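Trainee: Sequence plus the predicted model coming up.
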Number of protein chains: 2
Amino acid sequence: MLAWIISIGNELLIGRVVNTNAAWLAKKLTYLGIKVARIVVVPDDEAEIVGAFREALEKADLVISTGGLGPTPDDITNFAVAKALGVEAVLDETAKRWVEEKYKARGYPSTPERLKMAYIPKGSRPLYNSAGVAPGIWAEAGGKIVVVLPGVPKEMEAIFEEQVEPLLKGRTRLCFAEDSFMLRGVPEADLAPLIRDALRIDERVYVKSHPKGHEVGAPLEEIHIYASAEDCGTAQAIVARAKGFLIDSIRSKFPRAEIS
Amino acid sequence: MLAWIISIGNELLIGRVVNTNAAWLAKKLTYLGIKVARIVVVPDDEAEIVGAFREALEKADLVISTGGLGPTPDDITNFAVAKALGVEAVLDETAKRWVEEKYKARGYPSTPERLKMAYIPKGSRPLYNSAGVAPGIWAEAGGKIVVVLPGVPKEMEAIFEEQVEPLLKGRTRLCFAEDSFMLRGVPEADLAPLIRDALRIDERVYVKSHPKGHEVGAPLEEIHIYASAEDCGTAQAIVARAKGFLIDSIRSKFPRAEIS
């Protein structure tokens, strides 16, 4: 299963907010055995949101977005997603009840700005927000899944963990495994041929070195090894083989390197 | 001037690394008066990188990327950018000297993995990396600017600040201004009509509320106001007017709200 993440919000494009939501979701999806193929950040602009969803729906099996579900004028994601799916946005009775109950409990009346959050694309269903007000959305169309989540991290995380994760679990078939080690004293450029050899061990394995020191002055890398396979045992075995191969090769070629 | 940021690296798509580079660049570009229209994160895959650059070159005036310039097998950005630009990747003599000198100073010989970093698209020029080895790239084609930077944050920042920023400064015409305040005790949904009115003050102003509390239990928002204009005085004046209007409106409609 291939996924695209769409992050919506001007605050991300002016650098006021770091996109931690996308990293959190990418890790969650990866561990569910779903490959995240792209992350796209777009502004609070209908044409941009619709365009990003349409492109994502062409390329991915799962499209998951964050942001733009609140009550303020820039929150237009639910309406834009309906447009991208080619359906009307309709006032959902369940979502309306959730939203009204949350405000009523504190003595706030129903207003157009509040009810706006209860609109979802026709044929989709709302996802209860236990950490806030704006419901999420789950839509399925043409064999694709669309998940729409709020941008407030604690609300996005609550809806994903309580409702989206259980639904996705039944639909994925891959298991992800990873491991890493630190290497001191070998420039990345000298490590490159060994990584190339390790990648040949299995087409499902991926090895990436993350420089943490200085390439020529004080070489230090974190070596990250990961693989996805049909079952977790296989994924772990592939990672273990690649890690073992790399450590042996490094020890034999660079006896003074420090591995930890 | 419209910009797209392309972030390259599997580590971003498996959620192992949070994309702080994109936020850092987005803030820098915004303050230079350049509007960041999209951030795209793609894996270390030639077709994906080439596709993202081609799409960006159609839509934006400036395309700026991070990642994939190192010596390991997954580092292929310089070659992919050449392909996207429709030119050969050539060994640049200046870049070659920079790379070789850095390694030589520590007694390391020249290897194919090291020289790989000195390849740039034909017709472009290398940007010196004072914080590491891999040079950045500056290319201009068909009225568009392409800037290619390493993914290691300190190297990306050094090249941008020392070389890219001075070059971009002469080419932008807008000035960005911003201000913000905290508001306690008013749910975002009640704030929405006031924000809508504030947005009517000037088409260049943007107001966004960032919920920090709980919409119904303990409403708390950071209200961020920003604008870009031909000169900094105008941008600041627009922001000041919108902020003044918002604070006056909130005080008159919600006398018990706390503004700080």
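Mentor: Arrived safely, thanks for sending.
Trainee: list the contacts for A:Val81?
Mentor: Applying C-beta atoms under 8 Å, 6 or more residues apart in numbering or on different chains, we find A:Val81 in contact with A:Ile49, A:Phe53, A:Ser65, A:Pro121, A:Ile137, A:Ala139, A:Val146, A:Val148. (Each C-beta comes from the backbone N, C-alpha and C, glycine too.)
Trainee: gap between the last one and B:Ala22?
Mentor: Spelled out, that is A:Val148. Look at A:Val148 and B:Ala22: by C-beta to C-beta, to the nearest Å, they are 22 Å apart.
Trainee: Check the offset of stretch A:122-133 from the chain's centre.
Mentor: 19 Å (C-alpha atoms, centre = their mean, to the nearest Å).
Trainee: Could you tell me the end-to-end distance of that stretch?
Mentor: One end of stretch A:122-133 to the other measures 20 Å (C-alpha to C-alpha, to the nearest Å).
Trainee: quick one on the thing from earlier: which one of A:Val148 and B:Ala22 is surrounded by more residues?
Mentor: A:Val148 (30 against 27; other C-beta atoms under 10 Å in any protein chain shown).
Trainee: My reading is that A:Lys102 is in a strand; is that accurate?
Mentor: No. Using DSSP: H, G, I helix; E, B strand; the rest coil, the assignment for A:Lys102 is helix, not a strand.
Trainee: Generate TSV for the contacts of A:Val81, with secondary structure as supplementary columns.
Mentor: Below are the contacts of A:Val81 laid out as TSV (three-state DSSP):
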residue	secondary structure
A:Ile49	helix
A:Phe53	helix
A:Ser65	strand
A:Pro121	strand
A:Ile137	strand
A:Ala139	strand
A:Val146	strand
A:Val148	strand
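Trainee: Looking at the residues you listed, which is nearest A:Pro109?
Mentor: Proximity of the contacts of A:Val81 to A:Pro109 was ranked by C-beta to C-beta; the top entry is A:Ile137 with 24.6 Å.
Trainee: any idea how far the closest one lies from chain B?
Mentor: Remark: distance between A:Ile137 and chain B (C-beta to the nearest C-beta, to the nearest Å) = 18 Å.
Trainee: what does A:Lys104 give?
Mentor: Distance from A:Lys104 to chain B, by C-beta to the nearest C-beta: 9 Å.
Trainee: re the thing from before, filter the contacts of A:Val81 down to the buried ones.
Mentor: Buried residues within those, counting neighbours by 16 or more other C-beta atoms under 10 Å in any protein chain shown: A:Ile49, A:Phe53, A:Ser65, A:Pro121, A:Ile137, A:Ala139, A:Val146, A:Val148.
Trainee: And the furthest pair within these?
Mentor: Every pair of these checked by C-beta to C-beta; the farthest is A:Ile49 and A:Ala139, at 14.4 Å.
Trainee: still on that earlier bit, so which of the contacts of A:Val81 is the closest to chain B?
Mentor: A:Ile49 (11.3 Å; C-beta to the nearest C-beta).
Trainee: Disregarding flanking residues, what is the spatial nearest neighbour of the residue of the stretch 151-260 of chain A at minimum distance from chain B?
Mentor: Ranked by C-beta to the nearest C-beta, the top residue of the stretch 151-260 of chain A for proximity to chain B is A:Ala189, at 3.7 Å. Taking C-beta to C-beta, 6 or more residues apart in numbering or on different chains, and ignoring the residues beside it in sequence, A:Ala189 has B:Pro71 as its nearest neighbour in space, at 3.7 Å.
Trainee: Work out for me the element A:Val18 sits within.
Mentor: A:Val18 is part of no helix or strand when elements are defined by DSSP states H and E.
Trainee: For it, what are phi and psi?
Mentor: Dihedral angles of A:Val18 (phi, psi; degrees, to the nearest 10) stand at phi -80, psi 140.
Trainee: Which residues are in contact with it?
Mentor: By C-beta under 8 Å, 6+ apart, A:Val18 lies in contact with B:Val18, B:Asn19, B:Thr20, B:Ala23.
Trainee: now do A:Val239
Mentor: A:Ala177, A:Glu178, A:Asp179, A:Val205, A:Ile225, A:Tyr226, A:Ala227 are the contacts of A:Val239 under C-beta under 8 Å, 6+ apart.
Trainee: Show me which of these are buried.
Mentor: Buried residues within the contacts of A:Val239, defined by neighbour count using 16+ other C-beta under 10 Å: A:Ala177, A:Glu178, A:Val205, A:Ile225, A:Tyr226, A:Ala227.
Trainee: filter those residues down to the ones near chain B?
Mentor: Applying C-beta under 8 Å from any C-beta of the partner chain to these, one finds that A:Tyr226 fall near chain B.
Trainee: Which ones among the contacts of A:Val239 map onto strands?
Mentor: Among the contacts of A:Val239, the residues falling in strands (DSSP state E) are A:Ala177, A:Glu178, A:Asp179, A:Val205, A:Ile225, A:Tyr226, A:Ala227.
Trainee: Perfect, that will be all.
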